[in-house]
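Q: Just the structure for this:
(one chain, ligands or ions: 1)
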Amino acid sequence: MKIEELISEAEIKERVKDCGKRISKMYEGKPLLLIGTLKGSFMFLADLSREITVPARIDFITAKSYRDGKNRSELEIKIDDSISFSDYDVIIVEDIVDTGHTLNAVTKLIREKNPRSLYVIALVNKPSGREIEYTPDECLFEVGDEFVVGYGLDMDEFGRNLPFIGAVH
Ligand code: 5GP
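A: Modelled structure (predicted):
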């Protein structure tokens with residue numbers, strides 16, 4: 001796998017720090033629940049949550065689009081039904097928005113559970129890949145139509161550990 005660095009570790013750190021600061025102000029005194037989508041958002045959520053000064057609950061959902069390399073097929077979402085979303089101001093923390101199908105489905109599912117409020121943050125936005133209209137409330141970075149790995153993102157399960165985001169060639 002040949003990887004060309006697109007977004008450096010330092011750039012990621014800076015943006016994540018900024019984001020954490022803003023979230024801390026927005027959610028002061030509120031019951032905050034951060035929901036990460038596995039596996040891709042594990043690193044982003046771990047870093048972002050440490051930049052948030054408000055004590056928050058953390059949970060994960062599994063949103064798996066079965067894919068063969070770069071091609072996606074069916075979407076399966078697993079969510080813990082014991083979480084009482086209506087007690088929380090919820091932030092969905094996602095790794096990347098490409099076609100928009102995953103976040104659209106996840107957002108819909110959580111909205112149906114009537115959270116006090118709902119906000120969606122994506123680490124990476126790939127607007128050229130959109131198949132449906134979907135815009136997260138916040139995206140930290142934007143990339144072109146390349147397939148990216150690193151900082152939680154994988155290519156056939158490899159590369160999630162890299163501290164930067166790079167394009168696969
Ligand atoms: P969407 O449903 O918006 O097409 O894609 C969402 C999911 O597809 C992401 O959570 C991620 O798992 C995967 N995905 C889409 N584009 C990329 C990419 O460039 N790199 C990686 N590693 N995963 C991607």
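
Q: right, and the helix or strand after the top helix by length along the chain?
A: The longest helix of the chain (DSSP state H) is helix 9-26. Going down the chain from helix 9-26, the next helix or strand is strand 32-38, by DSSP states H and E.

Q: The helix or strand following that next one packs against which elements?
A: Next in sequence after strand 32-38, counting helices and strands by DSSP H and E, comes helix 42-50. Applying 3 or more Cβ pairs under 8 Å, 6 or more residues apart in numbering; DSSP states H and E, one finds that helix 42-50 contacts helix 9-26, strand 32-38, strand 56-68, strand 89-97. (Glycine included, C-beta is placed from N, CA and C.)

Q: got the contact list for the longest one?
A: In this structure, residues lying in contact with helix 9-26 by Cβ atoms under 8 Å, 6 or more residues apart in numbering are 44, 47-54, 91, 119, 121, 138, 140-141, 151, 163-165.

Q: Likewise for the third one?
A: By Cβ under 8 Å, 6+ apart, the residues outside strand 56-68 that reach it are 27, 31-39, 42, 45, 49, 72-80, 83, 88, 101-102, 105-106.

Q: Then the second one?
A: Applying Cβ under 8 Å, 6+ apart, the external contacts of strand 32-38 come out as 42, 44-45, 48-49, 52, 54-63, 83, 85, 88-95, 102, 106, 110, 115.

Q: do stretch 123-131 as well
A: By Cβ under 8 Å, 6+ apart, the residues outside stretch 123-131 that reach it are 41, 44, 94-101, 136, 139-145, 148, 151-153, 165.

Q: Point out the residues in this protein that sit beside the ligand.
A: Within the chain, the positions adjacent to the ligand are 40, 65, 72, 95-103, 126, 147-149, 153-155 by Cβ under 6 Å from any ligand atom.

Q: Type out the PyMOL command that picks the buried ones from those residues.
A: Provided next is the PyMOL selection string for whichever of the residues of the chain next to the ligand are buried by 16 or more other Cβ atoms under 10 Å:
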select buried, resi 40+65+72+95+96+97+98+99+100+101+102+103+126+147+148+149+153+154+155
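
Q: quick one: contacts for Lys39?
A: Counted by Cβ under 8 Å, 6+ apart, Lys39 has contacts 62, 152, 154, 160.

Q: one more time with 6 Å, if that's ok
A: For Lys39, the contact set (Cβ atoms under 6 Å, 6 or more residues apart in numbering) is empty.
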